[in-house]
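[1] Give me a 3D structure for the following:
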Amino acid sequence: MTEAAAHPEESAPGRGIEARLLRFLRLGEDGFTGAVLGAMVLIPLLEAVLRGLFQVGISNATAIVQHLTLVVAMTGGALAARESRLLAVTPEAIFPVGRWRTAARLVSAAAGAAVSLFLCAASWEFVRSEMPVGKILAYGVPVWTVQAFLPAGFALVALRLVWKASEKCRGRLAALASAAVLSALVLWPPAEPSALQWPLLAALLMATAVGAPIFAALGGAAMLLFWGVEIPIAAVSVDHYRLVTNPTLPAIPLFTLAGYFLAEGGASRRLVRVFQALFGSVRGGRAIVTVLVCAFFTTFTGASGVTILALGGLLMPVLEAARYSEKDALGLLTGAGSLGLLFPPCLPLILYAVVAKVDVTRLFLGGLLPGIIMVGLAALWGIWRAPPKSERVPFDWREALGACWAAKWELLLPAVALGGLLSGRLTIVEASALTALYAFVVEVLIHRGMGPRTVLRVLCECGLLVGGVLLILGVALGFTNFLVDAQVPGKAVEWAE
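    As a prediction, the model looks like this:
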């Protein structure tokens, strides 16, 4: 076989150059996202150390980290669009094969791209309004230069949605043309906006049903509602900006990053060994192991799906070896993946604190008892469903001590995460940065479970998850604010009465 035949993409100079350029751009985007997350870890820790030693910290460190969260949110959203992992109803669920599936992809991509372009335009109007203010973030950097990531991120998402609409050029052109037509209907409406508002909302709902991203449904609905009553659509971007620059929000990507380091660094095997040694000798011991390990992981990853992916392949054979039926094993593993959502410092607790504007420390304490009850009930169910002759592992003190010693660094993680926060010496962002750095040191430097490429992939996965969540949450806040302004909740209560 000739060299050209072995590497056909290199035999065409144009295609080879294009492939190398795309790889370079992809690596640059991944590296930039990783660098921003790394800065989010280091800046709060440097601020805490300098403040403790010299009573003087980094200039405007809190604002810097808040705006880095904005950068991660938008670059992570762009990564999610690049990997086709924006949360949506997949067309395959409705149209498994055929032309209808192709049409559904085109419609959903066109609607998502059109809404992304609207959000881009609204964000640009917001940035333009901030330019004359001349506010400085830190060290002479204007705030608007970071705010510009809002329109840039939405523009990149729109381009990628069009690109992912089809593998063929004509399909992508069709999606682009459809998005342009939808944009024209809003920019140059042929009738009064109030007359077009509901037909466009109905079309958006249909597009969402066949695969348009969830953020596009919420963001598009918010902008169409504002547009219909002639309120500037930049209001959606203002709400988005206020959310992602909330002082507490940087804790979300940092705690999530710590969870990803645990999942990729082999911590799951060590923790399973610990709980297996401690509880494997009792009836339903392997179910208890599943419940405890999943709750521990979800506490830091903040997503039950990540926990199931990290632990499913490891725990499923353990449950089957104990003679649990496949149905019971799958049910227990899937349900246990969400048990850690009430334990600090899990992502939903922080998100609720941000949106509801309540003290996150009180939420952490308030979630402990319900979380413990849920874990206990899941463990009791596992014991009840345990086969009468299930295999048990005799208790061995040496194995238990050896397992705890091997996993000692992971077992100390909750103390690291909550110790500084509950002591009052660290803010929640500084505590989350310390947790992320601790997890990195343990999994990369002590256990050496990850190389540089894996670390970069973990950083990108974390940014992708956080970006996808914050895209939805940011536009949903604008939608919620319209409902509040229109007194929809009050009218709904009156109707229900």
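[2] Need phi/psi at the closest residue to Leu418 other than its chain neighbours.
    Nearest non-adjacent residue to Leu418, counting by CB to CB, 6 or more residues apart in numbering: Pro344, 6.1 Å away. Every C-beta, even on glycine, is put in place using the N, C-alpha and C of the backbone. Here is the backbone geometry of Pro344 (degrees, to the nearest 10): phi -70, psi 150.
[3] just Ile136 next, same as before
    phi -100, psi 130.
[4] Name the spans of this structure whose pLDDT lies under the cut-off.
    Low-confidence segments of the chain (pLDDT under 70): 1-15, 18, 57, 91-97, 302-306, 309-310, 389-392, 497.
[5] so Leu464 touches Ala80, yeah?
    Yes: using CB atoms under 8 Å, Leu464 makes contact with Ala80 at a distance of 5.0 Å.
[6] My reading is that Glu167 lies in a strand. Confirm?
    No: looking at Glu167 with DSSP: H, G, I helix; E, B strand; the rest coil, it is coil, so not inside a strand.
[7] how far away is it from Leu106?
    Separation of Glu167 from Leu106 (CB to CB, to the nearest Å) stands at 12 Å.
[8] ok, those two, which is more surrounded?
    Neighbour totals were compared for Glu167 and Leu106, and Leu106 leads with 21 against 9 (other CB atoms under 10 Å).
[9] is it true that the more buried one touches Ala165?
    Yes: between Leu106 and Ala165 there is a contact at 5.4 Å, judged by CB under 8 Å.
[10] Find the residues that touch each one of those two.
    Common contacts of Leu106 and Ala165, defined by CB atoms under 8 Å, 6 or more residues apart in numbering, comprise 171, 174-175.
[11] could you dump those to TSV with distance to Gly76?
    What follows is the shared contacts of Leu106 and Ala165, written out as TSV (distance: CB to CB, whole Å):
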residue	distance to Gly76
Gly171	27
Ala174	28
Ala175	23
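[12] closest to Phe149 among these?
    Set against Phe149, the nearest of those by CB to CB is Ala175 (24.6 Å).
[13] Chain neighbours aside, what residue packs nearest to the closest one?
    Spatial nearest neighbour of Ala175, excluding adjacent residues (CB to CB, 6+ apart): Ala165 at 3.7 Å.
[14] Next step: the shared contacts of Leu106 and Ala165 restricted to helices.
    Mapping those onto helices (DSSP state H) picks out 171, 174-175.
[15] Including neighbour count and distance to Val493, could these go into CSV?
    What follows is those, written out as CSV (neighbours: other CB atoms under 10 Å; distance: CB to CB, whole Å):
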residue, neighbour count, distance to Val493
Gly171, 17, 47
Ala174, 19, 45
Ala175, 26, 42
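[16] between these, which is nearest Ala88?
    Distances from Ala88 to these, taken by CB to CB, are shortest for Ala175, at 14.8 Å.
[17] wait, the closest one sits on Gly112?
    No: contact criterion CB under 8 Å: Ala175 and Gly112 do not qualify, at 9.2 Å.
[18] Now do the shared contacts for those two.
    The contact sets of Ala175 and Gly112 overlap at Leu161 (CB under 8 Å, 6+ apart).
[19] Now stretch 102-110: buried residues?
    Counting neighbours by 16 or more other CB atoms under 10 Å, one finds that the buried residues in stretch 102-110 are 102, 104-110.
[20] Could you dump the residues you listed into TSV with distance to Leu271 added?
    Output for these, formatted as TSV (distance: CB to CB, whole Å):
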residue	distance to Leu271
Thr102	45
Ala104	42
Arg105	41
Leu106	46
Val107	45
Ser108	40
Ala109	41
Ala110	46
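[21] Which of the residues you listed sits closest to Leu159?
    For these, the nearest to Leu159 is Ala109 (10.9 Å; CB to CB).
[22] which residues touch the spatially closest residue to Ala431 that is not a sequence neighbour?
    Of all residues beyond its chain neighbours, the one nearest Ala431 is Leu421 (4.0 Å), with distances taken as CB to CB, 6+ apart. Going by CB under 8 Å, 6+ apart, Leu421 touches 345, 361, 364, 427-428, 431.
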